[in-house]
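**Student:** Below is the sequence, then the predicted model.
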Amino acid sequence: MTEKPDIACVVLAGGASARFGGDKGLAVLQGRPLIGHVLERLRAQTGGVVGVNAAEGSSYAAFADVVVPDLLGGGLGPLAGVHAALSWAKGQGSERVVTCAVDTPFLPDDLVERFLATDGPAVAASCGRVHPVCGIWPVGLLPQLERRLADGQRAAWGWAQHCWAQRIEFAALDGLDPFFNINTAEDLAAASKL
């Protein structure tokens, strides 16, 4: 059996889930919360710590190895979560960190392996779309990200382009986009059928 790589992963779950109407990471899909599905997929691929970017004292502490809170205030969106993940990884002495969204329960089984095969930042792509918060980030990018956020630049795709992140293409499996994300109650109902 091949040993799993030792790389930290952080699930981004710090958003307001406004379109969902509540904390979507705790919404139940097939008897388990979404966060459980995402963590299970990541833990199967890494021997490293798997954390969740969420507020201190959040319910996610019961699921994750560690809670990684945002360090920047002001509701800066998913890039604040990437920033928190990079800052935390740097403090752990890690060179890189993988991030993904809490609303993607069908993540590919080879996500971490394919990210690790790159030598720089990389983001996932599938079915003609890029998923810029699902990526691998060298901690050396932290100062650049801090400058962008300080300048008011919050677009995740803009950040991926800025740091020349490689696009890693993932194929649909049996017609299912592995990065199908759940933003609404209707999406959750559709996911339960998949």
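**Tutor:** Here it is on my side, so go on. Numbering: from 1, shown residues only.
**Student:** When you work out contacts or count neighbours from here on, use the C-alpha atoms and nothing else.
**Tutor:** Will do.
**Student:** Which helix or strand lies directly C-terminal to the helix ranked longest in the chain?
**Tutor:** Taking DSSP state H as the criterion, the chain has its longest helix at helix 78-91. Moving toward the C-terminus from helix 78-91, the first helix or strand encountered (DSSP states H and E) is strand 96-101.
**Student:** ok, now which ones touch the residue nearest to T118 when sequence neighbours are not counted?
**Tutor:** Spatial nearest neighbour of T118, excluding adjacent residues (CA to CA, 6 or more residues apart in numbering): Q166 at 8.0 Å. By CA atoms under 8 Å, 6 or more residues apart in numbering, the residues touching Q166 are 118, 120-123.
**Student:** What's opposite Q166 in the beta bridge?
**Tutor:** A122 (DSSP bridges).
**Student:** do you know how far it is from A160?
**Tutor:** According to CA to CA, to the nearest Å, Q166 stands 8 Å off from A160.
**Student:** Mind listing the shared neighbours of the two?
**Tutor:** Overlap of the contact sets of Q166 and A160 (by CA under 8 Å, 6+ apart) consists of 122-123.
**Student:** okay, now P143: neighbour count?
**Tutor:** Here the count is done by other CA atoms under 10 Å, and P143 has 12 residues near it.
**Student:** what about it, helix or strand, and which?
**Tutor:** Element membership for P143 (DSSP H and E) is helix 142-150.
**Student:** Who's the closest spatial neighbour of the residue nearest the centre of the chain, skipping the chain neighbours?
**Tutor:** The centre of the chain sits closest to C100, judged by CA atoms, centre = their mean, with a distance of 1.3 Å. Nearest residue to C100 in three dimensions, chain neighbours excluded: C134, at 4.1 Å (CA to CA, 6+ apart).
**Student:** dump the residue contacts of the residue nearest to V67 when sequence neighbours are not counted.
**Tutor:** Excluding the flanking residues, the one nearest V67 by CA to CA, 6+ apart is V52, at 5.0 Å. Applying CA under 8 Å, 6+ apart to V52 gives the contacts 10-13, 60-61, 64-68.
**Student:** Ramachandran angles for V52?
**Tutor:** Per-residue torsions, V52: phi -130, psi 130 (degrees, to the nearest 10).
**Student:** A117 now?
**Tutor:** Note on A117: its backbone torsions stand at phi -80, psi -10 [degrees, to the nearest 10].
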